[in-house]
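Trainee: Next come a sequence and a model predicted from it.
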Protein chains: 2
Amino acid sequence: MEITQETDYAVRCVLYLSSIGPEQTVRIEEIAAEMQIPRSFLAKILQKLTQADIVRSYRGVKGGFRLSRPPKEITLLQVVEAVEGPVAMNRCTREGSLCDFKKTCVVHPVWRRLRTIVETYMKDITFEKLKKERRQEAMAQNILTVRRKKT
Amino acid sequence: MEITQETDYAVRCVLYLSSIGPEQTVRIEEIAAEMQIPRSFLAKILQKLTQADIVRSYRGVKGGFRLSRPPKEITLLQVVEAVEGPVAMNRCTREGSLCDFKKTCVVHPVWRRLRTIVETYMKDITFEKLKKERRQEAMAQNILTVRRKKT
DNA sequence: ATAATACGAGACTAATTTTATCCTGTTTAG
DNA sequence: CTAAACAGGATAAAATTAGTCTCGTATTAT
Ligand code: SF4
Ligand code: SF4
């Protein structure tokens, strides 16, 4: 029971976008390099994130991506669901018709409850929270200043 | 993020075994039919459950399976882990070396925490609990008496 | 205008995992 | 000794995951 590599990439990507200014954009190329994500795969992931209205894309010269709202309003759950669909925990909480036992099954409510627990936890993790921790770490290591020079 | 079909089969299987007497054994055939699990696939699953010391197998005529300890001492987590390995939630909580960022990553602790949450929940669900609910339902519908006749 | 840049969409592919099946061998009750 | 029942390994189809590539469209600087 694990998220996919794709989902982890997506989280890294949104985390990176959380660290830039709200007026800036960054190219796929930059995110891919900084977050160690295969470039063309990331392009696909960003399409999903765009369609889920988590990021917004800008085409052409000077184009790129930015978050479509402040990091505070983007949760881990939203990102996970955008790339891999509902966190159902078991098929029957996603599509009940898949199992004949559903009506009488005593395990079904267990999975439903677990689903709620996981969703609740992930809903509480915003990228604002993550960003803050990240900035603190970066400052402790002077990573941010290094990156500014390079840009 | 879902358990596999195999895992669901395993849970059904252990649930069924929880309902029989501690001295009885049941054949793969019976479990497969009652719990709607492909026979040969179930055989494989039971091997894993045997190796994890959740069930015990008996060969030869009159052979079959039974739980290797009372349902009270078997948790959902044990069964899940027996068939699909650790519930890591993300690769990095299973094998840290898989990610270069691990040391500084602010998301990593989030997955670790979620893992703990899920494990804690599943550890609390014993098959004794499930069995009790199941018996109540069965009695309400007279399923148990029907099954006894058939045997 | 138009060339260069950057994302969008869809087809395609490779690798891995999931979901099984089957065969041969071993154990055991009667 | 033999029929019943599980053990273990090989094999295979289907689904999912992970990733690439090409061509199209939008944007902007010149
Ligand atoms: S057996 Fe119960 S838990 Fe399993 S899929 Fe069916 S309803 Fe869900
Ligand atoms: S980026 Fe962070 S969360 Fe993702 S795999 Fe690496 S350590 Fe884990």
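Mentor: All right, it came through fine. Numbering: from 1, shown residues only, chains lettered A, B, ... in the order given. Ligands and ions are numbered 1, 2, ... in the order given.
Trainee: Run through the residues of chain A sitting next to DNA strand C.
Mentor: Within reach of DNA strand C by C-beta under 7 Å from any atom of the strand, chain A has these residues: A:26-29, A:43-44, A:46-47, A:50-51, A:57-65. Every residue, glycine included, has its C-beta placed from N, CA and C.
Trainee: what's the distance between whatever residue of chain A ends up closest to ligand 2 and ligand 1?
Mentor: Residue of chain A nearest ligand 2, by C-beta to the nearest ligand atom: A:Asp8 (4.2 Å). A:Asp8 sits 27 Å away from ligand 1, going by C-beta to the nearest ligand atom, to the nearest Å.
Trainee: Quick check: nearest residue in space to A:Leu42, chain neighbours excluded?
Mentor: Nearest residue to A:Leu42, sequence neighbours excluded (C-beta to C-beta, 6 or more residues apart in numbering or on different chains): A:Ala32, at 4.9 Å.
Trainee: Can you give me the neighbour number for that neighbour?
Mentor: 20 (other C-beta atoms under 10 Å in any protein chain shown).
Trainee: ok, back up a step: could you pull up the residues touching the residue of chain A closest to ligand 2?
Mentor: B:Asn90, B:Arg91, B:Cys92 (C-beta atoms under 8 Å, 6 or more residues apart in numbering or on different chains).
Trainee: what about the second one, distance to A:Tyr9?
Mentor: Distance, B:Arg91 to A:Tyr9, by C-beta to C-beta, to the nearest Å: 12 Å.
Trainee: of these two, who's got more company?
Mentor: Of the pair B:Arg91 and A:Tyr9, A:Tyr9 is the one with more neighbours under other C-beta under 10 Å, namely 22 against 16.
Trainee: Give me the pLDDT value at the residue of chain A most remote from its centre.
Mentor: Relative to the centre of chain A, the most outlying C-alpha is that of A:Thr104, 35.9 Å out, by C-alpha atoms, centre = their mean. Looking at A:Thr104, its pLDDT stands at 93.
Trainee: ok, now A:Thr145?
Mentor: pLDDT, A:Thr145: 59.
Trainee: The helix or strand where A:Tyr9 lies vs DNA strand D: in contact?
Mentor: Assessed by DSSP states H and E, A:Tyr9 sits inside helix A:5-18. Yes - residues of helix A:5-18 are located near DNA strand D by C-beta under 7 Å from any atom of the strand, namely A:Gln5, A:Glu6, A:Thr7, A:Tyr9.
Trainee: Of those, which count as buried by neighbour count?
Mentor: Buried subset of the residues of helix A:5-18 next to DNA strand D (neighbour count, 16 or more other C-beta atoms under 10 Å in any protein chain shown): A:Glu6, A:Thr7, A:Tyr9.
Trainee: would a markdown table of these with distance to A:Ile117 and pLDDT be doable?
Mentor: Below are these laid out as a markdown table (distance: C-beta to C-beta, whole Å; pLDDT from 0 to 100):
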| residue | distance to A:Ile117 | pLDDT |
| --- | --- | --- |
| A:Glu6 | 23 | 98 |
| A:Thr7 | 18 | 98 |
| A:Tyr9 | 25 | 98 |
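Trainee: now whichever helix in chain A runs longest against helix B:5-18, angle please.
Mentor: For chain A, the helix with the greatest residue count under DSSP state H is helix A:108-124. Compare the direction of helix A:108-124 with that of helix B:5-18 by axes from the mean of the first three to the mean of the last three C-alpha atoms, to 10 degrees and you get 140 degrees.
Trainee: where does chain A come near chain B, residue by residue?
Mentor: Counting by C-beta under 8 Å from any C-beta of the partner chain, the residues of chain A lying close to chain B are A:1-3, A:5, A:8, A:11-12, A:15, A:36, A:76, A:80, A:84, A:87-92, A:94, A:100-101, A:104, A:106-107, A:110-111, A:113-114, A:117-118, A:121-122, A:125, A:130, A:133-134, A:137, A:141.
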